[in-house]
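Engineer: Would you be able to build a 3D model of this:
(chains A and B)
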Amino acid sequence: QQQVKQSPQSLIVQKGGISIINCAYENTAFDYFPWYQQFPGKGPALLIAIRPDVSEKKEGRFTISFNKSAKQFSLHIMDSQPGDSATYFCAALYPGGTYKYIFGTGTRLKVLA
Amino acid sequence: NAGVTQTPKFRILKIGQSMTLQCTQDMNHNYMYWYRQDPGMGLKLIYYSVGAGITDKGEVPNGYNVSRSTTEDFPLRLELAAPSQTSVYFCASSPRTGPTEAFFGQGTRLTVV
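Structural biologist: Just a heads-up that it's a prediction; the model follows:
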């Protein structure tokens, strides 16, 4: 019920291509879905986030698509750049006053120059 | 503004030793979290706190203890270290004002030999 399943585990994309990472959840109580980006040796940092009352959110080259009925959400990176090479985590926020973040297992993205 | 600061950055422990991972934040955030990150496993919640004097277990609390005597500090105590506790540990914090970004520290890489 509290799991967030993320795929793929790793992804290689050519420069200029589109990177797509998918996540699925079970608990319909989750009410906030952020994506975090992590570079080697650093802590995760918020990239973009969406609430379940919105089907899509775009910030620059990064877009979240959200399908509430399917309980799935995805991150699309347009015009992928070598600087986007990092590990990406989807997450879901468990409500009820505790604000616990449940994370997916991560996707290691490599963008080839 | 330092954000979330973790010390030490690296540590090697022998089996059975104890240590405290320090975490402090200067953003006056009520919510604080400890995660461990293992390859291919994502971030697992160890303990969290919704305010000074209040702590609760996360997904993987066994072998760890926490305290929260002030808003700023949230130390994680490892008693009787075991090889299974070899991991990268991240502390994070978030403000009380509803679902929002969690800010992460740089992490502590712990090896138990």
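
Engineer: what residues does chain B put near chain A?
Structural biologist: Chain B has residues B:4, B:31, B:33, B:35, B:40-45, B:48, B:50, B:56, B:58-59, B:90, B:92, B:94, B:99-102, B:104-107 near chain A, with proximity defined as C-beta under 8 Å from any C-beta of the partner chain. Just so you know, the C-beta spots here come from the backbone N, C-alpha and C atoms, and that holds for glycine as well.

Engineer: out of those, which are buried?
Structural biologist: B:4, B:31, B:33, B:35, B:42-45, B:48, B:50, B:58-59, B:90, B:92, B:94, B:99-102, B:104-107 (16 or more other C-beta atoms under 10 Å in any protein chain shown).

Engineer: Show me the residues you listed that map onto helices.
Structural biologist: Among these, no member falls in helices (DSSP state H).

Engineer: Low-confidence bits of the chain, can you list those?
Structural biologist: Unless you meant another one, I'm taking chain A. Applying pLDDT under 70 to chain A flags residues A:1-2, A:96-97.

Engineer: other chain: chain B
Structural biologist: Within chain B, the stretches with pLDDT under 70 are B:1, B:96-99.

Engineer: Filter the residues of chain B next to chain A down to the ones in strands?
Structural biologist: Filtering the residues of chain B next to chain A for membership in strands, criterion DSSP state E, returns B:4, B:31, B:33, B:35, B:42-45, B:48, B:50, B:56, B:90, B:92, B:94, B:104.

Engineer: what helices or strands is the longest strand that chain A contains leaning on?
Structural biologist: Ranked by number of residues, the top strand in chain A under DSSP E is strand A:86-94. The helices and strands touching strand A:86-94, judged by 3 or more C-beta pairs under 8 Å, 6 or more residues apart in numbering or on different chains; DSSP states H and E, are strand A:4-7, strand A:19-25, strand A:33-38, strand A:72-77, strand A:100-103, strand A:107-112.

Engineer: of all these, which lies closest to chain B?
Structural biologist: Among the helices and strands packed on strand A:86-94, the nearest to chain B by C-beta to the nearest C-beta is strand A:100-103 (4.1 Å).

Engineer: Just give me the neighbour total for residue 82.
Structural biologist: Picking chain A for this. When neighbours are defined as other C-beta atoms under 10 Å in any protein chain shown, A:P82 has 10 of them.

Engineer: That was the other one, I meant chain B.
Structural biologist: Per other C-beta under 10 Å, the neighbour tally for B:A82 reads 14.

Engineer: Do I have it right that it meets B:N62?
Structural biologist: No. Using C-beta atoms under 8 Å, B:A82 makes no contact with B:N62, being 9.9 Å away.

Engineer: So what sits opposite the residue nearest the centre of chain B in the bridge?
Structural biologist: Taking C-alpha atoms, centre = their mean, the centroid of chain B lies closest to B:W34, which sits 3.0 Å from it. Bridge pairing for B:W34 (DSSP bridges) gives the partners B:Y47, B:C91.

Engineer: That one against B:Y48, yeah?
Structural biologist: Yes. B:W34 sits in contact with B:Y48 when judged by C-beta under 8 Å, with a separation of 7.2 Å.

Engineer: okay, and the common contacts of those two?
Structural biologist: In terms of C-beta atoms under 8 Å, 6 or more residues apart in numbering or on different chains, B:W34 and B:Y48 are both contacted by the residues B:G58.

Engineer: Listing partners with orientation, what would you give for the longest strand of chain A?
Structural biologist: Strand pairing for strand A:86-94, using DSSP bridges, gives strand A:33-38 (antiparallel), strand A:100-103 (antiparallel), strand A:107-112 (antiparallel).
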